[in-house]
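Trainee: Task: produce atomic coordinates for the following.
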Amino acid sequence: MQRRAFKMHLHPGQAAEYRRRHDAIWPELAELLQSAGVHDYSIFLDEETHTLFGVLKTADPEALDALPAQAVMRRWWTYMRDIMDANPDDSPVSTPLREVFHLP
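Mentor: Numbering: from 1, shown residues only. Coordinates of the predicted model:
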């Protein structure tokens, strides 16, 4: 199992909407993530900077590379682009984070 962490940026004033959308995550998106080996996935918000921090575990890191080609993933990105920084293809602007400490 490998851990991955990343950060994204939420538009100011959109925290409640971001949470509402994730509380109602589409079942087909959750199934896609699970089928790609994603487990124990959390997203945290720094309310001062509007920075989102995502952390997940994956059994198959290479399977994550195939997610952007999936239609449900692309629809989710389009759904979320109005409340967070997004790239021209609607994917969230996401920066991988390097692990510097872990206490198992």
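
Trainee: Beta-bridge partners for the closest residue to A15 other than its chain neighbours, please?
Mentor: In this structure, A15 finds its nearest non-sequential neighbour in L45, 6.0 Å apart by Cβ to Cβ, 6 or more residues apart in numbering. (C-beta placed from N, C-alpha, C; glycine too.) With DSSP bridges as the criterion, L45 is bridged to L52.

Trainee: And for L45, the neighbour number?
Mentor: L45 has 16 neighbouring residues, counting by other Cβ atoms under 10 Å.

Trainee: Ok, E47 next?
Mentor: By other Cβ under 10 Å, the residues close to E47 number 9.

Trainee: hang on, isn't it packed against A15?
Mentor: Yes: here E47 reaches A15: they are 6.7 Å apart, a contact under Cβ atoms under 8 Å.

Trainee: Now do the contacts for the spatially most central residue of the chain.
Mentor: Closest to where the C-alpha atoms of the chain average out (Cα atoms, centre = their mean) is G54, at 5.9 Å. The neighbours of G54, taking Cβ atoms under 8 Å, 6 or more residues apart in numbering as the test, are 4-8, 41-44, 94.

Trainee: List only those of these flagged as buried.
Mentor: The neighbour count (16 or more other Cβ atoms under 10 Å) marks 4, 7-8, 43, 94 as buried among the contacts of G54.

Trainee: out of those, what pair is the most spread apart?
Mentor: R4 and M8 (13.0 Å; Cβ to Cβ).

Trainee: rewinding a little: wait, which of the contacts of G54 is closest to D65?
Mentor: Of all the contacts of G54, R4 has the smallest distance to D65: 11.6 Å, by Cβ to Cβ.

Trainee: So the residue nearest to the closest one when sequence neighbours are not counted: helix, strand or coil?
Mentor: What sits nearest to R4 in space, not counting adjacent residues and going by Cβ to Cβ, 6+ apart, is L56, at 5.4 Å. The three-state label given to L56 by DSSP: H, G, I helix; E, B strand; the rest coil is strand.
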